Structure formats: structure tokens, C-alpha cells
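Novice: Using only what follows, build the 3D model:
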Amino acid sequence: MVPGTQLALHMNGKTLSAAVGVTDTQSGDPVSSDTPFAFGSVSKAFTATLILELVSDGDLELDAPVCEYVPELRQAADEEMSAVTLRQLLSHTGGLVADYELDDSSEQSMRRYAAGVATTRLLHHPGRCFSYANTGYNLLGRCVEAVTAMEWHSAVRDFLLRPLGIGPVFLHRSDGGSARRPATCHAVRPDGHQARPVGLFLPPTWAPASALAGSAEDLVAFARLHMGEHPAADTLLDDEHRRDMRTPVPAADAFGMADGWGLGLACYSGPDRRPHAAAPTWYGHDGTVDGGSCHLRFQPETGLAVALTTNATTGSLLWSDLVEELRLRGVPVADYRPDVPDAPPAEWPESTGLLGEYGNGDTRFSLRPHQGGIRLSDRTGLVADVTLHDRMIFTAQRVDAVEASYTGRFVLDGDTGAVALMQLGGRSAQRLTSAA
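Specialist: Next comes the predicted model:
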């Protein structure tokens with residue numbers, strides 16, 4: 001059950017779109033092709049594009065330390081933070097904690113946010129591995145602010161959205177220049193029979209990572225920029241930097257999220273992943289918020305682009321069904337399908353060796369025995385049942401809402417053989433304590 005959704009398909013130089021359902025189950029207002037939906041993390045692709053625009057203009061350098069642009073990081077508690085580069089933030093390989101928040105969730109100052117990040121410790125040496133980080137993209141927003149003397153909202157509006165013909169919609173602001181009202185987000189009960197409106201928690205300092213809203217047609221316009229088809233494409237971003245954004249970074253093993261990661265865009269294998277098939281890679285991003293999801297895929301070689309927006313937790317399941325239906329109809333859109341073994345684990349360490357606490361900054365995951373199995377939880381209210389598979393892989397299915405399952409894996413310490421990390425949905429969490 002999804003209360004409202006939009007689908008846009010671009011092929012043969014034309015865009016087709018459809019809008020169905022309601023923006024809010026209480027009001028019953030119909031969804032139109034212009035209704036904005038929360039983009040969630042797809043906002044990061046817009047922020048990354050803005051960064052590459054500034055690189056093209058000579059205002060930023062990809063391999064320069066971020067502290068050259070963000071003075072708040074120059075006296076960071078972790079000395080290695082001074083080595084983190086823009087390229088690493090864009091590819092989620094900088095080692096920053098995933099979801100840093102200020103104590104005052106209403107704070108709007110990106111300068112204060114950056115100063116807060118400077119008090120944290122890195123998860124790993126910069127450039128070593130992938131760990132998805134909203135924090136890094138919020139710092140990129142601070143970079144934009146520092147070099148343009150404009151707020152991120154104003155810069156992304158004037159330098160990117162309006163040139164693409166997109167009416168800007170920001171989830172915490174009414175000054176974006178648009179009267180478009182975003183669709184309400186909904187949580188769907190586990191039985192799938194009832195959708196209730198839910199509030200969207202999003203600190204203002206997280207705007208560069210997740211504050212944009214728009215339609216599926218807006219997402220296709222953005223994809224056309226990256227395929228070089230939009231009339232403003234060459235004016236906004238040259239072909240070299242468009243390629244940079246979609247070229248996989250070797251260290252960015254985005255297990256649980258995508259088949260690879262470039263400078264702001266995820267990489268997805270085609271439907272036939274056999275080596276001899278050489279299916280073209282698709283690019284894009286997914287976004288989820290409390291009560292909604294958004295999905296974008298595009299393929300520059302064929303000029304195909306697909307975008308789906310939804311206003312329910314079940315939206316990711318609808319996306320999976322849509323991908324399969326499009327493939328049957330001759331549109332070979334790619335999606336990430338983690339290679340999860342069907343067979344149960346052959347030689348797992350004792351399951352009790354996996355239990356305990358794992359941390360990524362202030363985020364804490366707990367693995368505990370539950371009714372003969374394993375239950376995963378965190379402080380945000382996530383509760384999921386864990387199924388173990390071979391090759392240290394696991395899946396986690398939420399018990400409180402209808403959503404697609406999460407995929408993760410455990411990583412062993414090369415010296416001790418003990419579990420050192422848990423990777424879940426692209427985020428790495430360090431082993432903190434074992435269960436008593």
C-alpha cells in the first residue's frame with residue numbers, strides 16, 4: 001500500500017509521467033505530476049553536482065583538504081580529519097561518522113555544525129573504505145557556504161535548480177520561490193492495511209544531505225543534465241566532471257547500497273550481472289525519509305532515465321516491483337540486488353560471538369537474542385529480526401513497519417579473527433562490546 005506516487009520515464013528524447021493516489025490520507029488531495037515529494041538522500045546528488053560546478057569554476061579542488069575551505073576543521077580533535085578531502089566526502093570514504101547531530105536540533109548555523117563535527121573522531125583512516133555519511137554531505141554544504149558567501153539553499157537554487165527549470169522546494173523553508181506543497185509522509189502498518197501520516201524529523205543543518213523535495217519529472221530533468229541532454233547541461237557542468245561523478249572510486253565498496261560509488265552518484269549493475277553480458281552501468285541515488293522514498297536511475301549511453309517518488313515506508317517495495325515490470329517491458333533499468341546466499345551459514349562463528357553493541361558516532365546498534373533468533377535495534381526506534389546467511393552476510397527485516405529488508409555483513413579483524421565491524425545499509429559500525 002502506497003498512498004501516492006509519481007513515475008517519470010525518459011526515453012527516445014521524451015519524458016512520460018504518471019501520478020496516482022493522494023498526497024495525504026486525511027485530506028484526500030490528489031497527487032499531480034507537479035506535487036513535490038521528499039527526496040531524502042537524493043538531495044546529496046544535487047549537492048554533489050553543485051560542488052562539481054564550483055570545481056569547474058575553479059572555486060574548489062577535489063583533492064584539497066576540506067579544512068582549506070572549512071576553518072572549523074583546522075583544530076579538529078582527530079588530527080587525521082585535516083587530511084579528509086572533498087573527493088573523499090563525495091564518495092563517502094572520508095571516515096566521518098554517519099549521522100552527527102547538534103544538541104540543539106533547531107540550530108541553523110552550518111558554521112556551528114562544522115565546529116561540532118570537529119569534536120568527533122574518524123571511524124577509519126581517510127580514503128580507506130566506504131561508510132555512508134550524512135555528516136560529510138552537510139560539511140560539503142558548509143564548503144558551498146564558505147566559497148560562495150551564500151547559504152546552501154540559495155546556491156543550489158540559483159546555480160542548479162532554476163537553470164534546470166526546477167521550482168525549488170526545501171523541506172524546512174518557505175523562501176525557495178515556490179508555493180508547491182510537499183506530499184505528506186506515511187507509515188504503513190505491518191499488516192499493510194493502514195497508512196498513517198507521520199512527521200518528518202530533519203534538522204536544518206542536515207539540509208545539504210536531505211532537505212530537497214520535488215517531482216519525478218524534476219528528477220528526470222536532473223538526470224538529463226548528467227546525460228548531457230538538458231539544454232543547460234554544458235553550461236552547468238562539463239562532460240569531464242559529469243564523468244567524474246559517475247566513475248567508481250576504488251575504495252568505495254558500497255556493500256548493502258550499490259555496486260559502486262562515484263563522486264555523488266551510486267553505480268548499479270544491469271539486470272544481467274554475468275561478466276560476459278557486459279550490461280551497461282546505470283547511475284543514480286535512492287532516498288528514504290520517515291514515511292517516504294525516492295529513486296532515480298539513468299543510463300547515459302542509451303538516454304534512459306527512470307524516477308519514482310512515493311509518500312510511504314512501502315515505497316521501496318513498490319520500486320523493486322517497478323524495476324521488474326520495466327525489465328519485462330524492455331526497459332533494462334538497473335538496481336542493486338545484494339548477493340545474499342540462499343543457503344544457511346555453513347560455518348558461522350557461534351552466533352553469541354556476534355551479539356553486543358556496535359557504534360558509529362552517536363548511533364548505537366544492539367544485537368540481542370530474541371525468541372530463538374537475533375534482534376537488531378537502535379535508539380531511533382528501529383527494531384528488526386536478523387537472518388544469518390553464509391559469507392558473514394545477514395538480512396534484517398523491520399517488525400514495526402512494512403519496508404524492504406536491509407542487507408549487511410560482519411567484518412572480521414585480520415589479526416584476531418574476531419568480529420570488528422558490522423556493515424548495515426552502507427554504514428560501518430565498530431564493535432564496542434560483546435553481549436554478556
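
Novice: What segments of the stretch 151-300 of the chain are strands?
Specialist: 169-170, 185-188, 195-198, 212-214, 260-261, 266-268, 282-289, 292-299 (DSSP state E, counting those that start in this stretch).

Novice: Which among these is found nearest to Ser56?
Specialist: strand 282-289 (18.6 Å; C-beta to C-beta). Glycine gets a C-beta too; all of them are placed from N, C-alpha and C.

Novice: For Asp234, which of the strands of the stretch 151-300 of the chain is the nearest?
Specialist: Using C-beta to C-beta, the strands of the stretch 151-300 of the chain put strand 292-299 closest to Asp234, at 17.1 Å.

Novice: Give the pairing partners of the closest one; include direction for each.
Specialist: strand 282-289 (antiparallel), strand 304-310 (antiparallel) (DSSP bridges).

Novice: got those as JSON lines, with distance to Arg327 columns?
Specialist: Formatted as JSON lines, the strands paired with strand 292-299 follow (distance: least, C-beta to C-beta, whole Å):
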{"stretch": "strand 282-289", "distance to Arg327": "12"}
{"stretch": "strand 304-310", "distance to Arg327": "11"}
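
Novice: CSV for those, including mean neighbour count?
Specialist: CSV is the format used below for the strands paired with strand 292-299 (neighbours: other C-beta atoms under 10 Å):
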stretch, mean neighbour count
strand 282-289, 25
strand 304-310, 28
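
Novice: can you tell which of those strands is closest to Thr407?
Specialist: Per C-beta to C-beta, nearest to Thr407 of the strands paired with strand 292-299: strand 282-289, 13.2 Å.

Novice: Which among the strands paired with strand 292-299 is found nearest to Thr25?
Specialist: Closest among the strands paired with strand 292-299, using C-beta to C-beta: strand 304-310, at 13.2 Å.

Novice: What lies in contact with that closest one?
Specialist: With contact meaning C-beta atoms under 8 Å, 6 or more residues apart in numbering, strand 304-310 is reached by 2, 4-11, 37, 39, 183, 214-217, 219-220, 223-224, 227, 292-299, 315, 318-319, 322, 326, 331, 333.

Novice: Next one: the residue nearest to Trp152 when sequence neighbours are not counted from Asn134, what distance?
Specialist: In space, Trp152 comes closest to Gly141 once its chain neighbours are excluded; the distance is 4.1 Å by C-beta to C-beta, 6 or more residues apart in numbering. Applying C-beta to C-beta, to the nearest Å, the value for Gly141 to Asn134 is 11 Å.

Novice: Which residues are in contact with each of those two?
Specialist: Ala209.

Novice: neighbour count winner among those two?
Specialist: Gly141 (27 against 22; other C-beta atoms under 10 Å).

Novice: Point out where the stretch 151-300 of the chain drops to low pLDDT.
Specialist: Scanning the stretch 151-300 of the chain for pLDDT under 70 picks out 173-178, 190-192, 270-279.

Novice: which residues of it fall in helices?
Specialist: Taking DSSP state H, counting those that start in this stretch to define them, one finds helices in the stretch 151-300 of the chain at 152-156, 207-210, 216-226, 233-236, 239-246.

Novice: And the first one, what does it pack against?
Specialist: For helix 152-156, the helices and strands in contact under the criterion 3 or more C-beta pairs under 8 Å, 6 or more residues apart in numbering; DSSP states H and E are helix 43-56, helix 134-148, helix 207-210.

Novice: then the longest one to PDB, C-alphas only?
Specialist: Read it as helix 134-148. Taking Å, rounded to 0.1, in the frame of the first residue of the first chain, the C-alpha atoms of helix 134-148 are listed here in PDB:
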ATOM      1  CA  ASN A 134      25.200  12.300   6.000                       C
ATOM      2  CA  THR A 135      27.800  14.200   8.100                       C
ATOM      3  CA  GLY A 136      30.100  14.500   5.100                       C
ATOM      4  CA  TYR A 137      27.500  16.000   2.900                       C
ATOM      5  CA  ASN A 138      26.500  18.500   5.500                       C
ATOM      6  CA  LEU A 139      30.100  19.600   5.500                       C
ATOM      7  CA  LEU A 140      30.000  19.900   1.700                       C
ATOM      8  CA  GLY A 141      27.100  22.300   2.300                       C
ATOM      9  CA  ARG A 142      29.400  24.300   4.600                       C
ATOM     10  CA  CYS A 143      32.100  24.300   1.800                       C
ATOM     11  CA  VAL A 144      29.500  25.800  -0.500                       C
ATOM     12  CA  GLU A 145      28.700  28.500   2.000                       C
ATOM     13  CA  ALA A 146      32.300  29.300   2.600                       C
ATOM     14  CA  VAL A 147      33.300  29.800  -1.000                       C
ATOM     15  CA  THR A 148      30.200  31.400  -2.400                       C
END
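
Novice: can the helices and strands packed on helix 152-156 go into a markdown table with extra columns for distance to Val198?
Specialist: A markdown table is the format used below for these (distance: least, C-beta to C-beta, whole Å):
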| stretch | distance to Val198 |
| --- | --- |
| helix 43-56 | 19 |
| helix 134-148 | 19 |
| helix 207-210 | 16 |
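
Novice: Thr387: which of these is closest?
Specialist: Between these, helix 134-148 lies closest to Thr387; by C-beta to C-beta that is 27.1 Å.

Novice: The closest one vs helix 43-56, what angle?
Specialist: Here helix 134-148 points in a direction 40 degrees away from that of helix 43-56 (axes from the mean of the first three to the mean of the last three C-alpha atoms, to 10 degrees).

Novice: what's the offset of helix 134-148 from the middle of its chain?
Specialist: In terms of C-alpha atoms, centre = their mean, to the nearest Å, the centre of helix 134-148 is found 16 Å from the chain centre.

Novice: average pLDDT for it?
Specialist: The average pLDDT for helix 134-148 rounds to 97.

Novice: the domain parsing of the protein - what is it?
Specialist: Structural domains annotated on the chain: 1-337, 351-434, as defined by automatic domain parsing.
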